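In: Let's see this in three dimensions:
(2 chains)
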Amino acid sequence: MAPQTRTVSTRTAGALHRRPRLRLALLLAAPLLWLAVLYLGSLTVLFVSAFWTTNSFTSEVVKVWSTDNFRELFTTPVYRQVILRSVGVALAVTVLCAVIAFPVAFWTARVARPRWRPLLVVAILTPLWASYLVKVYAWRLILSEGGLADWMLRPFGLSGPGYGLTAAVLTLTYLWLPYMILPVHTALEQLPANLFDASADLGARAGRTFRSVVLPMVLPSVAAGSVFTFSLSLGDYITVQIVGGKTQLIGNLVYSNIELNLPMAAALGTVPVVVIVLYLLAVRRTGALSSL
Amino acid sequence: MQLSRPARIALRVAAGLGFAVIYVPLVLVLVNSLNPDRSASWPPPGLTPHWWSVAWENSGARAALWTSVKAGLGATATALVLGTLIAFAVARHRFFGRNALSFVVVLPIALPGIVTGIALNSAFSTVLEPLGVGLGLFTVVVGHATFCIVIVFNNVVARLRRTSGSYEEAAMDLGANTFRAFVDITFPLVRSALLAGALLAFALSFDEIVVTTFTAGPGVQTLPLWIFDNMTRPQQAPVVNVVAAVLVLLSVIPIYVAQRLSADTPTGGRV
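Out: The predicted structure follows:
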């Protein structure tokens, strides 16, 4: 290093060291420009545009303040129906995930041999890395006419559900299941073993121990997992397009409005955001967010 | 907990079923790529490697793969820089709005992709188009980087919180200046967290479809967009089958690398 550059770099280093505020400003300048200006800026414009309207002849956005979009949102039966259906789907997916996740996590965390447990965690994690679209495609194959679901149910005289609302719920459950198993597994693994002993000493059988000791201590983790299963389901529209048949969820409504009526799409887009924020606030009361 | 024998067996069966539910669809995708038939009826009438060579020749899928790699690399590089900068600011400084910043970082993956997608789309078309810059690969990279920042941030900030600043102070006491301390002490400490974050960010970008739909210009097609486009075309089904199978096989790589890299984050930082 030439002496000239060394002094420059040393001097800069010294200046930075003496001025922590300057260091902070340099650290934050680029990220703030990106996140605050580009990202939050475009989000704000989008939400403001929810209060604009569209000229129905030219599809041009008219920048006049009005709450028509939101009034339409709450008074049109179709919109109300789709919103309720979307929340219902998100809740159903969350419940299904919790019901499936619990035995799996209980087995991997407490029953399986300790030697195998790290491998089992990897086994839970692996599908998270498989492509989202490929997993949805897998369910499209399974539920197709004459596909695996039909084949498995044929001996019982039944056929698969085909593409539709049930298919969408099943596929979404499959997609987000690992996000539920992992926190539940971690919580169960961290339960101190002597709690079980204490419960047994006090005369509780396995069922009672489960209800009075395990469940209350694991519930915050279920809530933490449910943040993923709920919000990811609520925002999804691709899965419904692929396996949902004619089913419409809130995301599909947003999508179908983008070209012709962007302000309406923006107004519809605020719905999942508001619901998710409300859900987060509700979950925060259980103290689950700190364990995320 | 002392479980009765029947309870143990019931748990084992339930867990076995759970794992079956997780893995049967993935195995099905692999088997189906060898299906000689264009339909997905089960069981397949036979097995053939024929479609693998057809898929290999498919120029659309190849071009899409290449686009995805470019977008992923660009987004990862951007996210690495921005995420690391925020991580250092949040972990090593106290300032007004620090909590708000950690919140804003999470927002792009917490909000539904379609909301982020249309917000960026209308911003790009109002700001960039008058400048003569249309939607293209560049806008895809910008969109992906926005939600990849949080991944890098989470990994690096977790590492910084576990390693106290006293190592750097010790180095400075021994005469190292700010840059020297960073190169010799801080960077080696966070290197594996950076690698893990980069890996995760790339995987997330490689897999993304919703934001991509709204930020990709005409002619820019990432692999997920290609799959989505061709999924419903019966003519293309065998090639889509093979591409899907390849993606399932490829997902083993990050699992392996993540396990080697971040023994300290059991979830690999994905959650």
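In: how about B:Asn177, what does it touch?
Out: A:Ser9, A:Thr10, A:Ala13, A:Gly14, A:His17 (C-beta atoms under 8 Å, 6 or more residues apart in numbering or on different chains). To be clear about C-beta, it is placed using only N, CA and C from the backbone, and glycine gets the same treatment.
In: can you tell me how far it sits from B:Asp184?
Out: Applying C-beta to C-beta, to the nearest Å, the value for B:Asn177 to B:Asp184 is 11 Å.
In: I'd like the contacts of B:Asn177 laid out as TSV, including distance to B:Phe88 and secondary structure.
Out: Below are these laid out as TSV (distance: C-beta to C-beta, whole Å; DSSP: H, G, I helix; E, B strand; the rest coil):
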residue	distance to B:Phe88	secondary structure
A:Ser9	19	helix
A:Thr10	21	helix
A:Ala13	15	helix
A:Gly14	19	helix
A:His17	14	helix
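In: of these, closest to chain B?
Out: Of all these, A:Ala13 has the smallest distance to chain B: 3.5 Å, by C-beta to the nearest C-beta.
In: The closest one against B:Thr178, yeah?
Out: Yes. A:Ala13 is within contact range of B:Thr178, at 4.2 Å (criterion: C-beta atoms under 8 Å).
In: which one of these two has more residues nearby?
Out: B:Thr178 (21 against 18; other C-beta atoms under 10 Å in any protein chain shown).
In: so who does the more buried one touch?
Out: B:Thr178 neighbours (C-beta under 8 Å, 6+ apart): A:Ala13, A:Gly14, A:Leu16, A:His17, A:Arg23, B:Met172.
In: so which pair among the residues you listed is furthest apart in space?
Out: Checked with C-beta to C-beta, these reach their widest spread between A:Arg23 and B:Met172, with 13.3 Å between them.
In: Give me the neighbour count for the residue in chain A that chain B sits nearest to.
Out: Proximity to chain B, evaluated over chain A using C-beta to the nearest C-beta, is greatest for A:Gly235 at 2.5 Å. Neighbour count of A:Gly235, defined by other C-beta under 10 Å: 26.
In: residues in contact with it?
Out: A:Gly251, A:Pro272, A:Ile276, B:Leu111, B:Pro112, B:Gly113, B:Ile114, B:Val115.
In: which one among those gets closest to B:Leu85?
Out: B:Leu111 (22.2 Å).
In: Report how many residues lie close to the residue nearest to the closest one when sequence neighbours are not counted.
Out: Distances taken as C-beta to C-beta, 6 or more residues apart in numbering or on different chains place A:Val273 nearest to B:Leu111, at 6.0 Å, with adjacent residues excluded. Look at A:Val273: counted by other C-beta under 10 Å, it has 19 neighbours.
In: Same check on the one 5 residues further on?
Out: Residues near A:Leu278, counting by other C-beta under 10 Å, number 10.
In: hmm, who's touching the helix or strand containing it?
Out: Taking DSSP states H and E as the definition, A:Leu278 sits inside helix A:262-284. Residues from elsewhere that reach helix A:262-284, judged by C-beta under 8 Å, 6+ apart: A:46-47, A:49-54, A:61, A:69-70, A:72-73, A:79, A:83, A:86-87, A:223-224, A:226-227, A:230-231, A:234-235, A:250-251, A:253-255, A:257-258, A:289, B:110-112, B:114-115, B:118, B:122.
In: Now do the same contact list for residue 230.
Out: I went with chain A, as the question did not name one. Taking C-beta under 8 Å, 6+ apart, one finds A:Ala90, A:Leu91, A:Val93, A:Thr94, A:Ile276, A:Tyr279 in contact with A:Phe230.
In: To clarify, I was referring to chain B.
Out: By C-beta under 8 Å, 6+ apart, the contact set of B:Asn230 is B:Gly60, B:Gln236, B:Val239, B:Val240.
In: repeat that for 7 Å
Out: Residues in contact with B:Asn230 (C-beta atoms under 7 Å, 6 or more residues apart in numbering or on different chains) are B:Gln236, B:Val240.
In: Pull up the residues of the stretch 51-200 of chain B that are close to chain A.
Out: Contact residues, the stretch 51-200 of chain B versus chain A (C-beta under 7 Å from any C-beta of the partner chain): B:82, B:85-86, B:88-89, B:93, B:95, B:104-105, B:108, B:110-115, B:118-120, B:122-123, B:146, B:177-179.
In: Mind doing that once more with 6 Å?
Out: B:82, B:85-86, B:88-89, B:93, B:104, B:111-112, B:114-115, B:118-120, B:123, B:146, B:177-179 (C-beta under 6 Å from any C-beta of the partner chain).
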